[in-house]
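A structural model of the following input is requested.
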Amino acid sequence: MHTVAVLALDQVIPFDLATPLEVFTRVRLPDGRHPYRVRVCGPGARIPAAGFVITAPWGLEGLADADTVIVPGRAEAAPPPGEEVLEALRAAAARGTRIASICAGAFDLALTGLLDGLAATTHWAAAAELARRFPAVEVCPDVLYVDNGQLLTSAGASAGLDLCLHMVRRDFGSAVAADAARLAVTPLEREGGQAQFIVHPQPPVPRGSALEPVLAWLEEHLDEELTLDVMARRSGMSGRTFSRRFREQTGTTPLQWLLRARIRRAQFLLENTDHTIERIADQAGFGSPTAFRERFKRVAGTTPYGYRAAFRSRERS
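Okay, the predicted model is just below:
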């Protein structure tokens, strides 16, 4: 029997808490057995959530013999977890326990230091803040979930469902996971590398920052060859200084920002014009249709043609 401990902390998001309960309690093996034992654990017996109180039958000792620990997301204004919670997570990791976060649960997991040096994700709207607060974590804002083996993180609430099904598939195979997906009325096929399908706004910079005119200029010249040296010269800074200040103020690197800006330009053109893929590749600054297709699929999780078919403006359809 595989024990899943779901950690309930103050102001936990109810959907994030319910998702692992819904998935793991419904899993059945071919012989009808339930392979998972699910428990809700917390630092106290009564956990305040949005508009009601959750009862946690298990204390933090419930993490001690768990095979998997789930850290759900919490409200933005939630207080940081106590040191006893962070120590319980670190101790679980030291024992080899699999630990997964859902949505903003990545912030609590990152506080333990366990994500340092690893790739991780969270809801796209919080990705820049996660990168700013935890620079040792490689934040991937454009994926559904990241599996590092022992440590896993997911994006928004629906991506948490994808992550839970992914763990079921890892534990008991695709057939068992597919049955669990059918019970949850969701497809099993969404892989972790698939994008969150959001046209992300770029992270804001402080008003009056020296980066503001540089970013405005970049948006107007996406179809040109833009290297780090070009951007640094435009800002009047050295390459090293520019890169450091850029990351401090946006939570991402200049080249990552540029790639996302070009993807967003391409998304707009795919949705609102009849331009060919070749022309869009040139307008968005990808250099060649082949490079455009490869990078677009890596970031958006689908081909330019697939994106156009799914998101084309209704007025043009």
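
distance of residue 57 from residue 98?
Counting by CB to CB, to the nearest Å, the gap from residue 57 to residue 98 is 21 Å. Every residue, glycine included, has its C-beta placed from N, CA and C.

again with residue 180
Separation of residue 180 from residue 98 (CB to CB): 17 Å.

also residue 58?
Residue 58 sits at a distance of 18 Å from residue 98 (criterion: CB to CB).

how about the helices of the protein, start to end?
Counting by DSSP state H, residue ranges of the helices within the chain are 14-26, 83-94, 105-111, 127-133, 157-172, 174-183, 211-220, 228-235, 239-250, 254-272, 277-283, 289-300, 304-311.

quick one, the longest one and helix 239-250 angle?
In other words, helix 254-272. If you take axes from the mean of the first three to the mean of the last three CA atoms, to 10 degrees, helix 254-272 sits at 60 degrees to helix 239-250.

helix 254-272: which residues count as buried?
254, 256-267, 269-271 (16 or more other CB atoms under 10 Å).

now do that helix: distance to the chain's middle.
Relative to the mean C-alpha coordinate of its chain, helix 254-272 is positioned 19 Å out (CA atoms, centre = their mean, to the nearest Å).

and the angle from that helix to helix 289-300?
Taking the same axes, to 10 degrees, one finds helix 254-272 and helix 289-300 inclined to each other by 100 degrees.

now the fifth one
Relative orientation of helix 157-172 and helix 289-300, computed by the same axes, to 10 degrees: 90 degrees.

then helix 157-172 to CSV, C-alphas only?
C-alpha atoms of helix 157-172 as CSV (Å, rounded to 0.1, in the frame of the first residue of the first chain):
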residue,chain,number,x,y,z
ALA,A,157,-4.9,23.7,-10.3
SER,A,158,-5.7,21.7,-13.5
ALA,A,159,-2.0,21.0,-14.0
GLY,A,160,-2.0,19.5,-10.5
LEU,A,161,-4.5,17.0,-11.8
ASP,A,162,-2.1,16.2,-14.7
LEU,A,163,0.8,15.8,-12.2
CYS,A,164,-1.2,13.4,-10.0
LEU,A,165,-2.1,11.3,-13.0
HIS,A,166,1.5,11.4,-14.0
MET,A,167,2.5,10.0,-10.6
VAL,A,168,-0.1,7.2,-10.9
ARG,A,169,1.3,6.3,-14.3
ARG,A,170,4.8,6.2,-12.9
ASP,A,171,3.7,4.0,-10.0
PHE,A,172,1.4,1.5,-11.8
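
which secondary structure elements does it sit against?
For helix 157-172, the elements it packs on are helix 14-26, strand 98-101, strand 145-147, strand 151-154, helix 174-183, judged by 3 or more CB pairs under 8 Å, 6 or more residues apart in numbering; DSSP states H and E.

ditto for the last one
When contacts are defined as 3+ CB pairs under 8 Å, 6+ apart, helix 304-311 sits against helix 254-272, helix 277-283, helix 289-300.

contacts for the second one, please.
Contacts made with helix 277-283 from outside it, assessed by CB atoms under 8 Å, 6 or more residues apart in numbering, are listed as 222-223, 265-266, 269-270, 273, 275, 287-289, 291-293, 304-305.

and with 10 Å instead?
With CB atoms under 10 Å, 6 or more residues apart in numbering as the test, helix 277-283 has contacts from 222-223, 262, 265-270, 273, 275-276, 286-293, 295-296, 303-305, 308.

how far away from the center of its chain is it?
Relative to the centre of its chain, helix 277-283 is centred 29 Å away, using CA atoms, centre = their mean.

can you check the last one too?
Centre-to-centre, helix 289-300 and its host chain are 20 Å apart (CA atoms, centre = their mean).

can you check stretch 100-119 too?
Distance of stretch 100-119 from the chain centroid (CA atoms, centre = their mean) equals 11 Å.

where does pLDDT dip in the stretch 201-317 of the chain?
For the stretch 201-317 of the chain, the stretches with pLDDT under 70 are 201-208, 301, 310-317.

surely residue 124 touches residue 155?
Yes: under the criterion of CB atoms under 10 Å, residue 124 makes contact with residue 155 at 6.6 Å.

tell me which of the two has more neighbours.
Taking other CB atoms under 10 Å, residue 124 and residue 155 do not tie; residue 155 has more neighbours (31 against 20).

how far away is that one from residue 10?
Residue 155 is 22 Å from residue 10, where distance means CB to CB.

next one: residue 48
According to CB to CB, residue 48 and residue 10 sit 6 Å apart.

buried residues in stretch 219-232, which are they?
By 16+ other CB under 10 Å, the buried positions in stretch 219-232 come out as 222, 226, 228, 231, 232.

surely the fourth one meets residue 254?
Think residue 231. Yes: using CB under 10 Å, residue 231 is in contact with residue 254, at 5.3 Å.

quick one on the thing from earlier: ok, residue 57 and residue 98, which is more surrounded?
Between residue 57 and residue 98, counted using other CB under 10 Å, residue 98 has the larger neighbour count: 21 against 10.

wait, isn't the more buried one in contact with residue 71?
No: if you go by CB under 10 Å, residue 98 and residue 71 don't touch, sitting 11.5 Å apart.
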